Every structure is written in structure tokens, then in C-alpha cells.
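Sharing a sequence plus its predicted fold:
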Amino acid sequence: MIQVFLRALGSPSAGSVLGHFSAPPVQDLSETVTSRAGFQVKHNGLIQKMNHPTAGSIVVPGPAVRFSSFPPAEPTPPPLIGQHTVQVLRHTLSYSDDVIQSLLESEAVAQNEVS
């Protein structure tokens, strides 16, 4: 959208045009954490550490909205692919253990165990 805007104005440099607008630079997560504002971002809980079962300790965005009556929950990792296969087959689809074992052995489904 900015490119279309600049083309419509002719050939001024982006800096001369965009310099008239008050906007901070766009930062990725690592730049946000290490910038001067990073202390405040971390202090406010907008950046949190989470233990991922395969990646170890990782940094993730914290909750964007908070309510004084409800403290934010600790972040949890998303399930691994296949982590809940047996649970879904057994409890949701009511498959027997024999059918589940047959599906696993034939590699029609996979179960990813988290240790």
C-alpha cells in the first residue's frame, strides 16, 4: 500500500514522504526484546518464556488482554502432530484398542508421545 502511495506522488524518496508521519519502526520479536522498550515489554508480561517439549525454552508473546480478576495462565505449547491421536480415536470415535493398534501398526495414523 505504501508503494502505491509513493508511486502516486511521483519520485520523492520514502524518507522525505514518510518522515511527515509519526510512526515507530516495525520490529520483530527479537528486536522488541532487546530494544530499549524491551524492559517494559518484559515487565508487562507481553513476552513470556515457555518450555516446549522439542524446542526447549522459547520466547512467546504473552496475552494481549488481561483482566484484574483473572490472572493470565502460564503459556503452554501447542500439541505435537499426532500427540492426541489415540485419545481422539478412543474417546471421540469410540475405536477399540485392537482397531487403534491395527491403525498404528499399519501406519495409517501416528502417535507422538511427549516425554
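Sure thing, it's come through. Numbering: from 1, shown residues only.

all contacts plus neighbour counts: C-alpha atoms, from now on.
Will do.

Let me see the ranges of the strands in the chain.
According to DSSP state E, the chain carries its strands in the segments 47-52, 56-61.

Report the buried residues of the first one.
Using 16 or more other Cα atoms under 10 Å as the burial criterion, the residues of strand 47-52 that qualify are 47-50, 52.

what's the closest of the strands of the chain to residue 113?
Closest of the strands of the chain to residue 113 is strand 47-52, at 13.5 Å (criterion: Cα to Cα).

Quick one: mean pLDDT over the closest one.
The pLDDT scores in strand 47-52 average 88.

From the contact counts, what lies against it?
strand 56-61 (3 or more Cα pairs under 8 Å, 6 or more residues apart in numbering; DSSP states H and E).

Please repeat the previous calculation with a cut-off of 10 Å.
helix 29-34, helix 38-43, strand 56-61 (3 or more Cα pairs under 10 Å, 6 or more residues apart in numbering; DSSP states H and E).

For that strand, which strands pair with it and how are they oriented?
strand 56-61 (antiparallel) (DSSP bridges).

Distance of the closest residue to residue 62 other than its chain neighbours relative to residue 65?
Counting by Cα to Cα, 6 or more residues apart in numbering, residue 62 lies nearest to residue 46, which is 4.3 Å off, once chain neighbours are set aside. Note on residue 46: its distance to residue 65, by Cα to Cα, to the nearest Å, is 10 Å.

Looking at those two, which one has more neighbours?
For residue 46 versus residue 65, neighbours defined as other Cα atoms under 10 Å are more numerous around residue 46 (16 against 7).

Return the residues in contact with that one.
Residue 46 makes contacts with 33, 38, 40, 60-65, as judged by Cα atoms under 10 Å, 6 or more residues apart in numbering.
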